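**Q** Below are the sequence and a predicted model for it; my questions follow.
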There are 2 protein chains.
Amino acid sequence: MVTAKEILDRIETGGHRPTASRRRLLDAVVARGDGFTAEELVAEVKGLGRATVYRTVRLLLKEGLLCKLSLQDGAPRYTLSQKLGHHHHLVCVGCGVVQEFSQSVIEQMLMQLSGAGAIMGHRIEVYVLCPSCQAKSESTPGHSPRTGALA
Amino acid sequence: MVTAKEILDRIETGGHRPTASRRRLLDAVVARGDGFTAEELVAEVKGLGRATVYRTVRLLLKEGLLCKLSLQDGAPRYTLSQKLGHHHHLVCVGCGVVQEFSQSVIEQMLMQLSGAGAIMGHRIEVYVLCPSCQAKSESTPGHSPRTGALA
DNA sequence: CTGGTTGCAAAGATTTTGCATTGAA
DNA sequence: TTCAATGCAAAATCTTTGCAACCAG
């Protein structure tokens, strides 16, 4: 589990200051296990200016401490990087919980595509209905998940 | 190769009218092999209102005739669906050219993830530097590609 | 005719920027 | 002290919506 302090240390190592604002923002980010928007952080962490939130999100992205999720609708969502290396995401379209995974099969498959050019990077997201959301949707059939996330 | 007429036919089949505006927009879309933004279409197809362009893009997305690319920076980009079925994208970070591919290995890999929940969908994009852009970057070392696309 | 489609402008939503002030080292 | 970081509000971007006019079937 990544802690706010670890992230703050990395920020400091990167030549940035571990301010109180950043600590408060990180506490909020660490407390969530799902994808959130910048605006949700603005609402959640009271007393911080909107500009500070957006600037901090940008900083964390650049440092690789946050990942930008490519859901299809609305504002972009972000999630904390649990692993430092390259990884992919498993997003529940019901509750928005985000898990990470890395699968070497994918990397092998990418090799097969290298005829199309030098591979510079890739982005993989898998949308699931997690077991607890499956249970919920069986008991409440009317409920519809965040299908906007689907490709 | 998909033609504007084929797409217009599909639009009509879907219960929408094959108007002159839509035809002009489609001609512009078909002429490009890369990802474009809604705003680029507004500039490119003169005489069409901004609202019409955005509404048409939304219509084409809903019908599955356009794909939304999840690049990281700026406004979302769209590209024409060449295949009708499910597919993935190969995007050149140099020139923005988009190719499609489908690879059963990925689908097999997804099966292995099904322990995490029922898979509802997925999104895969691979960023490459295509052969012609590789040649260019060797002759002009100062040039830097659209690395914003990279995860 | 009739209802889908369009253009325009206004409104909405999201993000960035200028600038004076504050705060960490 | 010094320069990064912050807050605020204005501006910039991108997208949607209300409404009257228009057009395909």
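**A** Thanks, I have it. Only a predicted model underlies this, so the values are computations on that prediction, with no experimental measurement involved.
**Q** Show me what counts as buried in the longest strand along chain A.
**A** As assigned by DSSP state E, the longest strand anywhere in chain A is strand A:118-129. By 16 or more other CB atoms under 10 Å in any protein chain shown, the buried positions in strand A:118-129 come out as A:118-129. Placement of C-beta: from N, CA and C, glycine included.
**Q** And the strands in chain A?
**A** A:66-69, A:77-80, A:88-92, A:98-101, A:118-129.
**Q** what about the longest one and chain B, touching?
**A** Yes - among the residues of strand A:118-129, A:118-129 lie within reach of chain B under CB under 8 Å from any CB of the partner chain.
**Q** Those also near DNA strand D: which ones?
**A** Subset of these in contact with DNA strand D: empty, counting by CB under 7 Å from any atom of the strand.
**Q** Can you tell me which of those residues is nearest residue B:19?
**A** Nearest to residue B:19 out of these is residue A:127 (CB to CB; 34.3 Å).
**Q** What separation do you get for the closest residue to DNA strand C within chain A and chain B?
**A** Nearest to DNA strand C, among the residues of chain A, is residue A:51, at 3.3 Å (CB to the nearest atom of the strand). For residue A:51, the distance to chain B (CB to the nearest CB, to the nearest Å) stands at 19 Å.
**Q** check contacts around that residue.
**A** Listed by CB atoms under 8 Å, 6 or more residues apart in numbering or on different chains, residue A:51 has no contact partners.
**Q** same thing with the one 10 residues further on?
**A** In this structure, residue A:61 makes contact with A:67-68, A:78, judged by CB under 8 Å, 6+ apart.
**Q** List just the nearest of those to chain B.
**A** residue A:68 (6.0 Å; CB to the nearest CB).
**Q** Name the nearest residue to residue A:98, sequence neighbours excluded.
**A** residue A:79 (4.5 Å; CB to CB, 6 or more residues apart in numbering or on different chains).
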